[in-house]
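Student: task: produce atomic coordinates for the following.
(one chain, ligands or ions: 1)
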Amino acid sequence: MTGRPGTERRDPLDRRVARRAEGVLRAANESGALEAADVHVAQRLGRLTGEDEPAVLLATALVVRAVRQGSVCLDLAGVDLDGVDLGVAASAVRDGAAWTRAVAASRLAAAGAVHVDHGLVYLDRYLREEQQVEQDLRARGDQAPPVVETARLEAALEDWFPSAGGGADGAPDFTEQRAAAARAATSWTTVVTGGPGTGKTTTVARLLGTLLDVAPGPLRVALAAPTGKAAARMTEAVQAAVARSDVPAAHREQLSDLRATTLHRLLGWRPGSQTRFRHDRHDPLPHDVVVVDETSMVSLTLMARLLEALRPQTRLVLVGDADQLASVDAGAVLHDLVDGLEGAGDTRVGGTGAVARLTRTHRYDDTIGALAEAVRTGDADAALAALHDGRGAVRLVTPGSADDDLVAVARRLLDAARGAEPGAALAALEQHRLLLAHRAGEYGVAHWNRRIERRLREETATAGGAWGGEWYAGRPLLVTANDYGLGLFNGDTGVVVRQPGGGLVARLADGSPDGRALPVSRLADVETAHAMTVHRSQGSQFRRVTVVLPPPDSPLLTRELLYTAVTRAQESVTVVGTADAVRAAVERPARRASGLARRLTDPATA
Ligand SMILES: Nc1ncnc2c1ncn2[C@@H]1O[C@H](COP(=O)(O)OP(=O)(O)OP(=O)(O)O)[C@@H](O)[C@H]1O
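Tutor: Purely as a prediction, here's the structure:
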């Protein structure tokens, strides 16, 4: 990620420098405003289309940068080029509107490589995907709504979300969840959004029961999530919700047999392509209902692929927390859908889709909830008050003082793994997670992994234990790429455990007590996971979480980052950093440029 333009001056031998760039592209690259890759893409598109206008090429490189940083498009009026020697391009980029018009009139735009749409500059692919998502949602909403007999639906809702009790004397209060289920029963597309513990999974389980009750025949249901880890968690959570004694017994077998899969698997992964799948408009998914969990992690591209693979009369229920970090790839689709569909008004029947917001936390009332809510609503004073409250569930500590705790955690994992106890090792792994914003540098994952390993090595050496090599008993693992052959998914976690007869084996968490055993020699794309990025932790929860905040001026330090980190914890959160860093995070909502919310709100301008 680049910093603000002009904040670093690059050495010409630095590999991030695009050596053949000239003029303003070179200046922007040398100042750190653009990466070499941004410049190369703009130059290549320029060569292909005969475009040589410096301001247009600069705009293109800036859009490439914006996409790399998660946006879908770019508003040139908001670009900060302070510190970049603009040379001959200076007058052309001074006025954002004029600059945008120049891009719209350029050869690059005429050739369809870039587009200007509602004053925003897009690369071709992202404009097409955004338009497709909007059109598919609209086409789904334009059909007659699902036919459900009102009396039958009311009876089913009363069975699955009883109104009696209404929260009195500890009886569950299903008011919000029932309304969400009613919306999903009467809409082709429904978004169910809410923070941790607001009962999203409970809603999904009972909603499926409701749909099964009112369906005229058998229903084919698919559950999916963006990562293997999130899918495994969805399976477990739905099964737990179905197993509760107060859940109607009807359909129990079908509901408890449901297994969530990754979206890539559901859509039919094709070797060699990350963006095209077996199921598409010509070969749609056969399901009647598709429920997607952790939708905040779904990129614009994946959402486009999912929507085009749905039959018009497949109900789609998108579940997630719109306040969490958005996907690693471009787009903030869940956030945009919530904004856009809510902006479009009450669309319960027909329309583009419906949003059901769950606001009541059922899991905890404690300081984690208060901290999460303060962060979510941008109230830095309340966040700091929660952190200083002294009740122990959440606390703020300085960097040096966290090490002993972190090493103690790693030590417990090590002891279980050395004792050849896979169950205990996997349980230890889920007890705690260290989360960071950055991958590299002093506040990055690599540094903290090494820091913990170094301390462990010192301690275990003094304790007389053997140590060394990349593979060691007690090494926590994070899978970083899908391996369909091995059934491993990006985001899966595990731990290296000593085998009773000696030797090492990896145990991958799969929901079973001892996990799945795999020879360490078969694991190619894995990293050590004493620490991981907050992004990586999405879709998982741990009993305790420690989050190390970078300094206040880090561009990665955002409200969504802190909110996501805090909401990974079930019992306690330790924030490592300064009060200034907490304040900076809370007061800096991540902004991803996208036109999707506007398209959904205002079809006339789409
Ligand atoms: N209406 C309700 N009344 C009382 N308890 C509830 C209600 N809904 C859910 N719960 C309980 O609250 C806890 C959290 O619910 P659930 O797992 O459905 O939330 P969630 O939003 O899916 O959580 P997360 O996604 O953060 O794991 C569970 O123990 C569940 O049984």
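
Student: per-residue confidence at the residue of the stretch 401-550 of the chain found nearest the ligand?
Tutor: The minimum distance from the stretch 401-550 of the chain to the ligand, using C-beta to the nearest ligand atom, falls at Gln541 (6.2 Å). Quick note: C-beta positions are derived from backbone N, CA and C, even for glycine. We note a pLDDT of 84 for Gln541 in this prediction.

Student: which ones are touching it?
Tutor: 196, 233, 568-570 (C-beta atoms under 8 Å, 6 or more residues apart in numbering).

Student: got it, and Ala473?
Tutor: Neighbours of Ala473 in contact, by C-beta under 8 Å, 6+ apart: 414, 417-418, 496-498, 504.

Student: wait, Met303 sits on Val133?
Tutor: Yes: with contact defined as C-beta atoms under 8 Å, Met303 reaches Val133; the gap is 5.6 Å.

Student: now the residue of the stretch 401-550 of the chain closest to the ligand: how far from Ser401?
Tutor: Look at Gln541 and Ser401: by C-beta to C-beta, to the nearest Å, they are 25 Å apart.

Student: what does Val290 give?
Tutor: 47 Å.

Student: so which bits of this structure are right by the ligand?
Tutor: 172-174, 177, 194, 196-202, 237, 241, 362-363 (C-beta under 6 Å from any ligand atom).

Student: please redo it, this time with the cut-off set to 8 Å
Tutor: 167, 171-174, 176-177, 194-205, 233, 237, 240-241, 244, 293, 319, 321, 358, 360, 362-363, 541, 567 (C-beta under 8 Å from any ligand atom).

Student: show me the shaky parts of the stretch 1-150 of the chain.
Tutor: 1-19, 21 (pLDDT under 70).

Student: circling back: the residues of the chain next to the ligand in helices, which ones?
Tutor: Among the residues of the chain next to the ligand, the members falling in helices (DSSP state H) are 176-177, 200-205, 233, 237, 240-241.

Student: in PyMOL, select just the buried ones from those residues.
Tutor: Buried subset of those, written as a PyMOL selection, criterion 16 or more other C-beta atoms under 10 Å:
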select buried, resi 176+177+200+201+202+203+204+205+233+237+241
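
Student: is it possible to get JSON lines of the ones in helices among the residues of the chain next to the ligand that adds pLDDT and distance to Ala42?
Tutor: As requested, those are arranged in JSON lines below (pLDDT from 0 to 100; distance: C-beta to C-beta, whole Å):
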{"residue": "Glu176", "pLDDT": "92", "distance to Ala42": "48"}
{"residue": "Gln177", "pLDDT": "94", "distance to Ala42": "49"}
{"residue": "Lys200", "pLDDT": "92", "distance to Ala42": "42"}
{"residue": "Thr201", "pLDDT": "89", "distance to Ala42": "45"}
{"residue": "Thr202", "pLDDT": "90", "distance to Ala42": "49"}
{"residue": "Thr203", "pLDDT": "93", "distance to Ala42": "46"}
{"residue": "Val204", "pLDDT": "94", "distance to Ala42": "44"}
{"residue": "Ala205", "pLDDT": "92", "distance to Ala42": "49"}
{"residue": "Arg233", "pLDDT": "84", "distance to Ala42": "41"}
{"residue": "Ala237", "pLDDT": "87", "distance to Ala42": "45"}
{"residue": "Ala240", "pLDDT": "89", "distance to Ala42": "51"}
{"residue": "Ala241", "pLDDT": "89", "distance to Ala42": "50"}
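
Student: Trp99: which of the ones in helices among the residues of the chain next to the ligand is nearest?
Tutor: Lys200 (43.2 Å; C-beta to C-beta).

Student: need the contact list for the closest one.
Tutor: 192, 194, 293, 319-320, 358.

Student: show me the strands in the stretch 251-400 of the chain, by range?
Tutor: 260-262, 269-270, 273-277, 289-292, 315-320, 354-358, 394-397 (DSSP state E, counting those that start in this stretch).

Student: typed the wrong thing, it's the stretch 51-200 of the chain
Tutor: Using DSSP E, counting those that start in this stretch, strands in the stretch 51-200 of the chain cover 114-117, 120-123, 189-194.

Student: for the second one, packing partners?
Tutor: Which is strand 120-123. Other helices and strands packing on strand 120-123, by 3 or more C-beta pairs under 8 Å, 6 or more residues apart in numbering; DSSP states H and E, are helix 54-68, strand 114-117.
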